[in-house]
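J.: Sequence first, then the predicted structure:
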Amino acid sequence: MVSCNSADNAAEQGAKGHENAATGKLEAFDFGSNSTNMTHFAFGIAANMIAVLLYGSNFVPVKRIETGDGMFFQWVNCAAILVVSKVGDLILQSPKFYPFAMLGGVIWATGNLTVVPIIKAIGLGLGCLIWGSSSLLTGWATSRFGFFGIAPEEVSRPTLNFCGAGLCLLSGLIFFFVKTDVELHPDTESIALLLDPGTVSASYGPRSSDLWIDVVGPKARRFIGCLLAVISGILYGSTFTPILYIKSHSSSQDSVFHGASLFELDYMHAHCSGIFITSTVYFAIYCAAMKNRPRVYSRAILPGLFSGVMWALGTYCWFLANNYLSAVVTFPILSAGYSLVAAMWGSLVFKEIKGYANCFIFFLASCVVLTGSLLTAISTL
């Protein structure tokens, strides 16, 4: 998703401590010595692993909470993301705000609309695995080949990088064959605040809080869930492309982004502002479509806020990892890693994966994704 372009790589060859004249921030690192190289590699991997854990766990707080159609949950989630980004913006002394970076937030919020239907249809584990693989291929290809006007990024060992990304993608395809056991209504006591409680039936028939995905057949539900996961993954994989574009053109004299910061955290607040504004627009449209009677679930508020905080902190950690390594290295690790973490939550805690055959497929795919992540990591050394 976010990547350091070739211009960034050239800048990063300078001595640590040199400041970018346009931003006044420490953005260059010395990769001249082996010790410095290994230190930065260790810092980058550590930050990436923290991001993996946070991304892979950020939907856990709402797994057993009734979220209805997910529109209210998304808005609460995005509000928390905005707050965290504003705190980070103040810590970074409010760097220049680029509205173009908000476009990535629009893309992310659009993809995030499908999260609740996906989790209800195929479960947390399988959903994350499929959209993680789709996101991996999209983001890695964008960084590696330079799509959308972005300079392609090089690595020391391209063969290892290709093999690692390929194995990570293969793991996602293997995970596709894992069958899940998803509980459609985990919280039967949760009642929408803006609905008449008397309309919520305790029977096994359709309830007013049911999402459309709940009332379709099992086979159709699985197909729709997998399709939505692929689509959301493509959107997730494209979400930081606008930031990539800004950085790629920061050294061009003719570009409106000339002199833009190479430090990715400087764009975080603009990106998150786009997320919140877009989610607010979607929620307003939803409220109008529901004739001002949206499904608002009180028990989803705190978990939704906590989920948003986890996502925002995970993104900060990932941006730091990109600063030490590069997205062509960190992105496959992140996408495959958080998918694996989510799958472990789904299988070990929520019991979505049952049976010896499913467990074997899960174990096989886990070995493949770990191998792919390792190859991708060492391809930059």
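T.: Yep, it's here. Numbers count the residues shown, from 1 in each chain.
J.: So the nearest residue to His258 once chain neighbours are set aside, which state does it fall into?
T.: With sequence-adjacent residues excluded and distances taken as CB to CB, 6 or more residues apart in numbering, His258 is closest to Ser252, at 5.9 Å. The way it works is simple: take the backbone N, C-alpha and C, and place the C-beta from them, glycine included. What DSSP: H, G, I helix; E, B strand; the rest coil gives for Ser252 is coil.
J.: From Ser326, how far off is Ser252?
T.: From Ser252 over to Ser326 the distance is 20 Å, taken as CB to CB, to the nearest Å.
J.: the more surrounded of the two?
T.: Neighbour totals were compared for Ser252 and Ser326, and Ser326 leads with 25 against 13 (other CB atoms under 10 Å).
J.: wait, the more buried one sits on Ser143?
T.: Yes: with contact defined as CB atoms under 8 Å, Ser326 and Ser143 form a contacting pair (7.5 Å).
J.: now the helices for this structure?
T.: 6-11, 34-57, 71-91, 102-112, 115-122, 124-145, 158-175, 218-238, 241-248, 268-289, 301-324, 327-344, 356-378 (DSSP state H).
J.: any idea which of these is most buried?
T.: helix 327-344 (a mean of 28; mean count of other CB atoms under 10 Å).
J.: Average pLDDT for that helix, rounded please.
T.: Across helix 327-344, the average pLDDT comes to 75.
J.: May I have that helix exported as PDB, CA atoms only?
T.: C-alpha atoms of helix 327-344 as PDB (Å, rounded to 0.1, in the frame of the first residue of the first chain):
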ATOM      1  CA  ALA A 327       6.600  -1.300   1.400                       C
ATOM      2  CA  VAL A 328       7.700  -3.800  -1.200                       C
ATOM      3  CA  VAL A 329       9.100  -5.700   1.900                       C
ATOM      4  CA  THR A 330       6.700  -4.800   4.600                       C
ATOM      5  CA  PHE A 331       3.400  -5.000   2.700                       C
ATOM      6  CA  PRO A 332       3.500  -8.800   2.000                       C
ATOM      7  CA  ILE A 333       4.600  -9.400   5.600                       C
ATOM      8  CA  LEU A 334       1.800  -7.200   6.900                       C
ATOM      9  CA  SER A 335      -1.000  -8.500   4.700                       C
ATOM     10  CA  ALA A 336      -0.100 -12.200   5.300                       C
ATOM     11  CA  GLY A 337       0.700 -11.700   8.900                       C
ATOM     12  CA  TYR A 338      -2.400 -10.000  10.100                       C
ATOM     13  CA  SER A 339      -4.500 -12.500   8.100                       C
ATOM     14  CA  LEU A 340      -2.800 -15.300  10.000                       C
ATOM     15  CA  VAL A 341      -3.400 -13.600  13.300                       C
ATOM     16  CA  ALA A 342      -7.100 -13.100  12.500                       C
ATOM     17  CA  ALA A 343      -7.300 -16.700  11.400                       C
ATOM     18  CA  MET A 344      -5.800 -17.800  14.700                       C
END
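J.: where does this structure dip in pLDDT?
T.: 1-35, 175, 180-214, 347, 350-353, 377, 380-381 (pLDDT under 70).
J.: what residue lies at the spatial centre of it?
T.: The C-alpha lying nearest the average C-alpha coordinate of the chain belongs to Tyr236 (CA atoms, centre = their mean; 5.9 Å).
J.: OK, contacts around that residue?
T.: 1, 108, 111, 131, 134-135, 138-139 (CB atoms under 8 Å, 6 or more residues apart in numbering).
J.: From those, pick the one nearest Tyr267.
T.: Met1 (12.0 Å; CB to CB).
J.: Over to Gly68: give its phi and psi.
T.: phi 60, psi -130 (degrees, to the nearest 10).
J.: cool, Val256 as well?
T.: Dihedral angles (degrees, to the nearest 10) for Val256: phi -70, psi -10.
J.: how near is it to His249?
T.: Per CB to CB, Val256 is found 8 Å from His249.
J.: neighbour-wise, which of the two wins?
T.: Using other CB under 10 Å as the criterion, Val256 and His249 rank with His249 on top: 19 against 10.
J.: ok, now how distant is the more buried one from Ile122?
T.: 39 Å.
J.: And Asn292, by the same measure?
T.: Counting by CB to CB, the gap from Asn292 to Ile122 is 32 Å.
J.: can you check Ser85 too?
T.: Between Ser85 and Ile122 the distance is 30 Å, computed by CB to CB.
J.: Val349 now?
T.: Per CB to CB, Val349 is found 17 Å from Ile122.
J.: give the contact list for Ile47.
T.: If you look again at residue 47, you'll see it is Ala, not Ile. Contact analysis of Ala47 by CB under 8 Å, 6+ apart lists 317-318, 320-321, 324.
J.: Could you do Asn48 as well?
T.: Going by CB under 8 Å, 6+ apart, Asn48 touches 317-318, 321, 325, 330, 333-334, 337.
J.: Excluding chain neighbours, what is closest to it?
T.: Spatial nearest neighbour of Asn48, excluding adjacent residues (CB to CB, 6+ apart): Ala321 at 4.0 Å.
J.: ok so, going back, in CSV, list the helices of the chain along with distance to Pro152.
T.: Shown next, in CSV, are the helices of the chain (distance: least, CB to CB, whole Å):
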stretch, distance to Pro152
helix 6-11, 7
helix 34-57, 20
helix 71-91, 29
helix 102-112, 19
helix 115-122, 31
helix 124-145, 5
helix 158-175, 11
helix 218-238, 16
helix 241-248, 10
helix 268-289, 22
helix 301-324, 16
helix 327-344, 9
helix 356-378, 16
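J.: Fine by me, thanks again.
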